[in-house]
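S.K.: Need coordinates for the below:
(one chain, ligands or ions: 1)
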Amino acid sequence: MSCTDDHHDHGPTGIPRIGDTAPDFTATTTQGEIKFSEWQGDSWAIMFSHPADFTPVCSTELTEFARRHDEFRKRGTKLIGISIDSVHSHLAWRENLKKLFDVTIDYPMIADNGRVANLFGMLHPGESATATVRAVFVIDPKRTIRAVIYYPLNVGRSIDEVVRLLDGLQTADGNGVACPVNWKPGEKVIVPPPKTEKEVADRLAADYEKLDFYLCKKSL
Ligand code: BEZ
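M.R.: Next comes the predicted model:
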């Protein structure tokens, strides 16, 4: 695997944070060599790491991402997996998953040697020195990291929550709003807090669900 990093716009720990530009790199994947930024193009991207090929929890997660790939496609979002395993291992596991679950992993899986995992802070030595934790990076079309989820080795992620997070980000971006606890598409959204006296007055006159002047909801 070859890989270069050409962006260092992230935090003091070296781990890219929300609001940082995603590090760029080249890598070997199950779909060939890629430069991440070119592969992403002008789509949203979700990169998720798993600890190791041929492990049970990871098998359930990767097949669920594949079953729900169309939901991500509909949201203009590309999926890519990554672990510190060889491409031969990824390809063999992919065949095995097809046989066991009748599911084809139709997104690329990065065969990493630790370089990309380190660029993205996916190795948490207290959890494992050699296996990536279950990380999810949501990256927008401008290549800004918009959300990061970390899960431990022994609990699988909720793909429902990954889809909900993506819906929340895209809804917030598209409408200049925020999304409350447990929000789901179709439910009311939060109108951002007013910043001036006039905005307070406007809001009090508006047809919002008002709990207080700073906590108003509206339908889209
Ligand atoms: C799993 O995917 O089942 C797994 C992987 C690494 C450590 C523990 C569980």
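
S.K.: Please make it C-alpha for all contacts and neighbour counts, starting now.
M.R.: Will do.

S.K.: How far does the lengthiest helix in the chain sit from its chain's centre?
M.R.: Selection of the longest helix in the chain by residue count, based on DSSP state H, yields helix 159-175. Relative to the centre of its chain, helix 159-175 is centred 10 Å away, using Cα atoms, centre = their mean, to the nearest Å.

S.K.: got it, and stretch 207-217?
M.R.: Counting by Cα atoms, centre = their mean, stretch 207-217 comes out at 31 Å from the chain centroid.

S.K.: Show me what the longest helix of the chain is packed against.
M.R.: helix 56-67 (3 or more Cα pairs under 8 Å, 6 or more residues apart in numbering; DSSP states H and E).

S.K.: Tell me what angle the helix it packs on forms with helix 159-175.
M.R.: 40 degrees (axes from the mean of the first three to the mean of the last three Cα atoms, to 10 degrees).

S.K.: If you count neighbours, what's buried in helix 56-67?
M.R.: Buried residues in helix 56-67, counted by 16 or more other Cα atoms under 10 Å: V57, C58, S59, E61, L62, T63, E64, F65, A66.

S.K.: Which neighbouring elements make contact with it?
M.R.: helix 87-101, helix 159-175.

S.K.: So which of the buried residues of helix 56-67 reach the ligand?
M.R.: Of the residues in the buried residues of helix 56-67, proximity to the ligand by Cα under 6 Å from any ligand atom holds for V57, C58.

S.K.: Helix, strand or coil: sort out H124 for me.
M.R.: The three-state label for H124, taken from DSSP: H, G, I helix; E, B strand; the rest coil, comes out as coil.

S.K.: Distance of it relative to I84?
M.R.: Using Cα to Cα, to the nearest Å, H124 is found at 13 Å from I84.

S.K.: Quickly list what's touching both of those two.
M.R.: T132 (Cα atoms under 8 Å, 6 or more residues apart in numbering).

S.K.: And these two? Which one has more around it.
M.R.: A count of neighbours by other Cα atoms under 10 Å puts I84 above the other of H124 and I84, at 24 against 16.
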